[in-house]
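Trainee: everything below, folded, please.
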Amino acid sequence: MQITLEKIVPEPLAEVFNPQSEVWNTTIRFEKGKNYLIYSPSGKGKSTFLHIIYGLRKDFQGNLLVTGKNSQQLSAEEWANIRQNHFSIVFQDLRLFLHLTAWENLLIKAALYAHTQEKELQEQAEFLGVAHVLHKKAHTLSYGERQRIAIIRALIQPFEWLLLDEPFSHLDSANTEKACKLIAEKTQKQNASILMTSLGAEQSYFLNFDEKKLLG
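Mentor: As a prediction, this is how the structure comes out:
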């Protein structure tokens, strides 16, 4: 699945976006099989960028083409199919159900798919060092623990594109390396692509990116 941005500028940034941006107000194609890092300082629209790709925002100028179709013309059913089978995402704010346990957060997603077994979820939690918090309420976890649960949850479903919004911001180097290893393994297994945001081009962490683009 190819993703194409044609002269997109979010309405809130229309008057103030950086003209040196390699993403806004340009034509850019994200090809399946490649990994991309989109970087910029805080407040330049990184989350907005991923929300547009994921179909959560429509307040922008220009065109977003997904599977060759204009995103504004996709039906709710088509978007649901894209999010269920083609796009998976780790939001910057994670969007876990805080009143549920970490394990319940994973099982809710797993119940929708036959893609990942409970045993595998347990193994991933052990690998990322969060097995001991699986039965604790999500609101009691540290933010770094929540990030690792959100990463496991995103990997439950099948996907062609994994969208990551500053996913390692609260992880130390050792935990980031483990998370990257798991992400790389799962994306390579599905011949999927990564589209990740970061504060800087040097923050590639332990993932290999084919292209790095300045957002703003």
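Trainee: show me what residue 69 is bridged to.
Mentor: residue 66 (DSSP bridges).
Trainee: same question but for residue 198, I mixed them up
Mentor: The partner residues for residue 198, given DSSP bridges, come to residue 39.
Trainee: quick check: it touching residue 41?
Mentor: No: if you go by CB atoms under 8 Å, residue 198 and residue 41 don't touch, sitting 10.5 Å apart. All C-beta spots, glycine's among them, are computed from the backbone N, C-alpha and C.
Trainee: neighbour count winner among these two?
Mentor: Counted by other CB atoms under 10 Å, residue 198 and residue 41 do not tie: residue 198 has more neighbours, with 23 against 11.
Trainee: how much space separates the more buried one from residue 49?
Mentor: According to CB to CB, to the nearest Å, residue 198 stands 12 Å off from residue 49.
Trainee: then residue 130?
Mentor: 28 Å.
Trainee: list residues touching both of residue 198 and residue 49?
Mentor: Taking CB atoms under 8 Å, 6 or more residues apart in numbering as the contact rule, the neighbours common to residue 198 and residue 49 are residue 38.
Trainee: what count of nearby residues applies to residue 3?
Mentor: Using other CB under 10 Å, the number of residues around residue 3 comes to 22.
Trainee: kindly apply the preceding question to residue 205 instead.
Mentor: If you count neighbours by other CB under 10 Å, residue 205 ends up with 18.
Trainee: so it sits right up against residue 181, yeah?
Mentor: No: counting by CB under 8 Å, residue 205 does not reach residue 181; the two are 10.5 Å apart.
Trainee: so which residues of this protein form helices?
Mentor: With helices called from DSSP state H, the chain shows them at 46-53, 76-85, 102-110, 118-127, 143-154, 173-189.
Trainee: the ones you listed into a markdown table, with extra columns for mean neighbour count and distance to residue 66?
Mentor: Shown next, in a markdown table, are these (neighbours: other CB atoms under 10 Å; distance: least, CB to CB, whole Å):
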| stretch | mean neighbour count | distance to residue 66 |
| --- | --- | --- |
| helix 46-53 | 22 | 8 |
| helix 76-85 | 14 | 6 |
| helix 102-110 | 19 | 22 |
| helix 118-127 | 15 | 29 |
| helix 143-154 | 23 | 19 |
| helix 173-189 | 16 | 19 |
